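**Q** Give me a model of this one.
(2 chains, ligands or ions: 4)
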Amino acid sequence: MKRVYVNEQWCLGCRLCEYHCAFANSKESDMVKALKNKKIHSNIRVESKGNINFAVSCRHCEDPLCIRGCITGALQRINGLIVVDKNRCVHCYTCIVCCPYGAISPSEDGAIQKCELCVKNNNGVPACVSGCINQAIVYEER
Amino acid sequence: MNYIYPEYEVVRNYSRCITCRACENQCANKVHSYLECENRMESTDDNCVNCHRCVSICPTRALKIVKSTHTFRENANWTGKTINEIYKQAQSGGVLLSSMGNPESYPIYFDKILINASQVTNPSIDPLREPMETRVFLGRKSHEIVRDANRKVITKTTPQLDLSVPIMFSAMSYGSISYNAHESLAKASEQLGIYYNTGEGGLHEDFYKYSKNTIVQVASGRFGVHKDYLNTAAAIEIKMGQGAKPGIGGHLPGAKIVGAVSRTRMIPEGSDAISPAPHHDIYSIEDLRQLVFSLKEATDYKKPVIVKIAAVHNVTSIASGIARSGADMIAIDGFRGGTGAAPTKIRDNVGIPIELALASVDKRLRDEGIRDSVSLIVGGSIRSSSDIVKAIALGADCVYIGSAALIAMGCHLCRSCQSGKCNWGIATQAPELVKRLNPAIAYQRLVNLVSAWEHEIKEMMGGMGINSIESLKGNRLMLRGVGLNEKELSILGIYHAGE
Ligand code: SF4
Ligand code: SF4
Ligand code: SF4
Ligand code: SF4
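**A** Numbers count the residues shown, from 1 in each chain, chains lettered A, B, ... in the order given. Ligands and ions are numbered 1, 2, ... in the order given. A predicted model of the protein is given here:
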């Protein structure tokens, strides 16, 4: 399965991937309209310390701890992709505690949000990958 | 008190700025900052060098850089530029430094030369349907056919460079440009079947794997020169001069001589890398001949030797001497050639245009019957495929591109290489800036550029009804001048348009 992989060596910590992610999942067609004066909620998060930066998003684990933890079955594994059914999420945030990568976060509406590799929006390829200015994250089969 | 008003201003379209702060993160000159209390970006124009890094990465196209309209009282003699230079020197007491090529408004002869095409009486060739040869061999060509005892032709030649297109990446040292820039050039050369040049900073141990496509340089400082360095290369270039600073040596400050740069140059960390203006063992063509043959001896006569000179007033006599020195190629660098740092007044006032140097050297060598002894490589502002076609028709065997290659990798010609804070990760050694140039991206851009130029060269050749670059070489009848005087036309050896 194709996944988003991190090439930490090339990550500049510019955080543009976060903005592209938030825009792709905003249902708006203009980035300014989508993000101006808003607090952004992205599914990818850039970690930076000194000269080391990398962007983390869901690893789409083979044996996902989030799914094991989820009490309602809101998280499911479909063709290797870990997806969330927001209607089933009861905001208990067990999955947030379970995910070892910190890849799940609460969304604005209270249900959790996570990276679904841009399959539910119109982006085609993950927006973070196409928006990265240095190929520090790539979408490929490994 | 600071007399100098910023040359450029950052214009931010606040209705589009989403305060993502990427511009702040990516400007090494610290122009952008975030005002938390107002949730607004701010800029300090003074530091902006107009490199377009922020402009290119801004996700909402909220930025542009404009030239300041702030002005001195108009004066045709004392321009704002001249006045500011005096302010700078009155403040610092130092030599003005600049980088990249001469930006002044001297004539660009390539732009006053037009290329021919076939009509009616001679057929043009479609390069997409018919074979078209751009492959060239560089090196000494034999004057005569030699046969062995059995009357078989002896085909053994002196060592040659074999290129898929007559384009090479010119000398840019590791130190003046980054590790990642070198890796990109090396990788692209390998894929394209051409060569890149190490410049005078030695060859990093990681890049020996690209040695088949590497020309190593021996300059007056002799940095990083040792037996393996010479023997691993495809060719050796002796650098006598450089178009951006003829007659001047180089000085890479000790601060940049750290880690791998110091190891590769074979000088202690923190020591200034000073390249003397002359080679202290070369004061005549005979001395040059000695160095040429020392290098050949050290490499078992397996490597062609290039001698690189700057285009200066008596370039023809110098080239004639070099052609007799045993060198296999002469590289001539025009006055527009780039540099990582040069005294501004030298860069802007010394040397001559490459078009004139090339035309007169080619003629002189022909007149003396020694044109075949050497190949001619020209650089010093080759900007496009049409410049290449014109250079070849004027008599060049191959061109060197430096600035164009850097631009392909992202350089925006902000001409502040000397600051060491290149926002594009090219002319810098700062690790956080170097990593901005990902060779996986940059090498592909270089390959794209050269491939695109190759297509265009073929189109132009096809238009002239020529199917091999060899038939274009020195074919000055394919060129016409526009707006040139008799003297210029006679030096270029071309007719005026309409003739
Ligand atoms: S959310 Fe976390 S635990 Fe679940 S699949 Fe993604 S990375 Fe693994
Ligand atoms: S856009 Fe790319 S370089 Fe910038 S922070 Fe994200 S992964 Fe790193
Ligand atoms: S990069 Fe563009 S959108 Fe982001 S803060 Fe700078 S100007 Fe604003
Ligand atoms: S120096 Fe470059 S990155 Fe910084 S503000 Fe000016 S153009 Fe933008």
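
**Q** In chain A, where is pLDDT below threshold?
**A** A:123 (pLDDT under 70).

**Q** Domain map for it?
**A** A:1-57+A:121-142, A:61-114 (automatic domain parsing).

**Q** next one: the last one to chain centre, how far?
**A** Here domain A:61-114 is found 11 Å from its chain centre; the criterion is CA atoms, centre = their mean, to the nearest Å.

**Q** cool, and stretch B:184-194?
**A** Using CA atoms, centre = their mean, the offset of stretch B:184-194 from its chain centre is 16 Å.

**Q** sorry, back to before: closest one to ligand 4 among the domains of chain A?
**A** For those, proximity to ligand 4 was assessed by CB to the nearest ligand atom; domain A:1-57+A:121-142 is nearest, at 11.9 Å. Bear in mind the C-beta positions are built from the backbone N, C-alpha and C, glycine included.

**Q** ends of that closest one, how far apart?
**A** Using CA to CA, to the nearest Å, the end-to-end distance of domain A:1-57+A:121-142 comes out at 8 Å.

**Q** ok, longest helix in the chain?
**A** Using chain A here. helix A:16-24 (DSSP state H).

**Q** Let me rephrase: I mean chain B.
**A** Longest helix in chain B by number of residues (criterion: DSSP H): helix B:439-463.

**Q** Mind jotting down where the strands sit in the stretch 351-499 of chain B?
**A** In the stretch 351-499 of chain B, strands defined by DSSP state E, counting those that start in this stretch lie at B:375-379, B:398-401, B:479-481, B:495-496, listed in chain order.

**Q** what would those strands look like in CSV with distance to ligand 4, mean neighbour count and mean pLDDT?
**A** Formatted as CSV, the strands of the stretch 351-499 of chain B follow (distance: least, CB to the nearest ligand atom, whole Å; neighbours: other CB atoms under 10 Å in any protein chain shown; pLDDT from 0 to 100):
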stretch, distance to ligand 4, mean neighbour count, mean pLDDT
strand B:375-379, 27, 28, 98
strand B:398-401, 24, 26, 98
strand B:479-481, 39, 19, 98
strand B:495-496, 43, 14, 98
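
**Q** Let me know which of these is the nearest to residue B:458.
**A** Residue B:458 lies closest to strand B:398-401 among the strands of the stretch 351-499 of chain B, at 15.7 Å (CB to CB).

**Q** For the longest helix of chain A, name the packing helices and strands.
**A** helix A:31-35, strand A:45-49, helix A:127-131 (3 or more CB pairs under 8 Å, 6 or more residues apart in numbering or on different chains; DSSP states H and E).

**Q** most tightly surrounded among these?
**A** Mean neighbours per residue, mean count of other CB atoms under 10 Å in any protein chain shown, is largest over these for helix A:127-131, with a mean of 23.

**Q** hey, which of the domains of chain A is tucked in deepest?
**A** Taking mean count of other CB under 10 Å, domain A:1-57+A:121-142 is the most buried of the domains of chain A, at a mean of 18.

**Q** Residue B:333: neighbouring residues, count only.
**A** Number of residues near residue B:333 (other CB atoms under 10 Å in any protein chain shown) recorded here: 33.

**Q** gap between it and residue B:376?
**A** From residue B:333 across to residue B:376, the span is 12 Å (CB to CB, to the nearest Å).

**Q** next one: residue B:337
**A** Distance, residue B:337 to residue B:376, using CB to CB: 15 Å.

**Q** show me the contacts for residue B:272.
**A** By CB atoms under 8 Å, 6 or more residues apart in numbering or on different chains, the contact list for residue B:272 reads B:251-254, B:257.

**Q** Then residue B:389?
**A** B:115, B:457, B:460-461, B:472.

**Q** Show the end-to-end separation of stretch B:464-482, please.
**A** 19 Å.

**Q** tell me which residues in it are buried?
**A** Going by neighbour count (16 or more other CB atoms under 10 Å in any protein chain shown), the buried part of stretch B:464-482 is B:464-467, B:469-470, B:472-476, B:478-481.
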